[in-house]
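*Asks:* got a sequence here, can you build the structure:
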Amino acid sequence: MVEPILLTDAARYYSLSPHQTEAWNWLQEQIDQKTLDKFAVRYRHPKEPPKKPEPTAGYITPELMQAITGHPASSFDQAFCSDFNDMLESTGFDQHLDAMQMLMANLCHESCGFVYMKEIASGEAYNGRKDLGNIYPGDGPKFKGCGPLQVTGRANHQASSDWLRDHRGIDDGKIMDIGTDYSADHYAFSMAIPWLLNNDLLNVCLKQGFDQCCYRINGGWNGYDDRKNWYEKCKKVMV
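*Replies:* I've put the predicted structure just below:
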């Protein structure tokens, strides 16, 4: 037999105000006992959410990043490397050196060697871009390019937020409440995982090569020469 539960005991953000108590009591009366019993069990015995993997040694290290970018190894802390490695592992890039080189080259270009993890432009140009899911005023600047892949738009941010919740047990409302200014500082690489998967970028790299990797990421050929220069360097350093 399930021990009865009062919704007022389980409620969050409940300050014991009379109108709140009245509302919770009314709701309790509307719900059948079977549903209340199911809720009581789930409330008292919640499932443990999947945990983000503990930081482990991976391909990306501070020393490798120094060799590629020329910036001191101390610029790339454990959180940076762990998030980067997790992105590579979650998308399968860690199993293919040539694909990693292509992706790294493009990330280097998009972020100017991992200097800019947020889009430099204001993002005003993205206001009203329904193709990016920007349907509310101010969505452009709020969800401008995030992380080294420059994940852009409300729709992409929502997809990343959902992925982190479903696959990492991270239900962080600030991703959508604050947008890029928050996400780029906390989930710079994780934010790119759904985009990489949804665009099948690994197979693009493996089957179509570097040029098509660049095109899929950029949607055109902006900065192609710089991307190519980074690619040549990555092929020499990433071995």
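
*Asks:* hey, which helix or strand in this structure has the poorest pLDDT?
*Replies:* When the helices and strands of the chain are compared on mean pLDDT, DSSP states H and E, helix 7-10 comes out lowest with a mean of 81.

*Asks:* which other helices and strands contact that one?
*Replies:* When contacts are defined as 3 or more CB pairs under 8 Å, 6 or more residues apart in numbering; DSSP states H and E, helix 7-10 packs onto helix 18-30. For the C-beta atoms, the positions are set from N, CA and C on the backbone; glycine is no exception.

*Asks:* just give me how far the helix it packs on sits from the chain centre.
*Replies:* Chain-centre distance of helix 18-30: 38 Å, with CA atoms, centre = their mean, to the nearest Å.

*Asks:* contacts for the helix or strand containing His167?
*Replies:* His167 is located in helix 154-168, with elements delineated by DSSP states H and E. If you take CB atoms under 8 Å, 6 or more residues apart in numbering as the criterion, helix 154-168 is touched by 50-52, 90, 132-136, 139, 142-143, 146, 151, 170-172, 175-176, 179-180, 183, 187, 190-195, 198.

*Asks:* quick check: buried residues in stretch 157-168?
*Replies:* His157, Ala159, Ser160, Ser161, Trp163, Leu164, Arg168 (16 or more other CB atoms under 10 Å).

*Asks:* hmm, I typed the wrong one, I wanted stretch 5-19.
*Replies:* By neighbour count with 16+ other CB under 10 Å, stretch 5-19 contains the buried residues Ile5, Leu7.

*Asks:* end-to-end on that stretch?
*Replies:* Using CA to CA, to the nearest Å, the end-to-end distance of stretch 5-19 comes out at 20 Å.

*Asks:* any idea how far that stretch is from the chain center?
*Replies:* That offset, for stretch 5-19, works out to 34 Å (CA atoms, centre = their mean).

*Asks:* what's the answer for stretch 196-208, then?
*Replies:* A distance of 18 Å separates the centroid of the chain from that of stretch 196-208, by CA atoms, centre = their mean.
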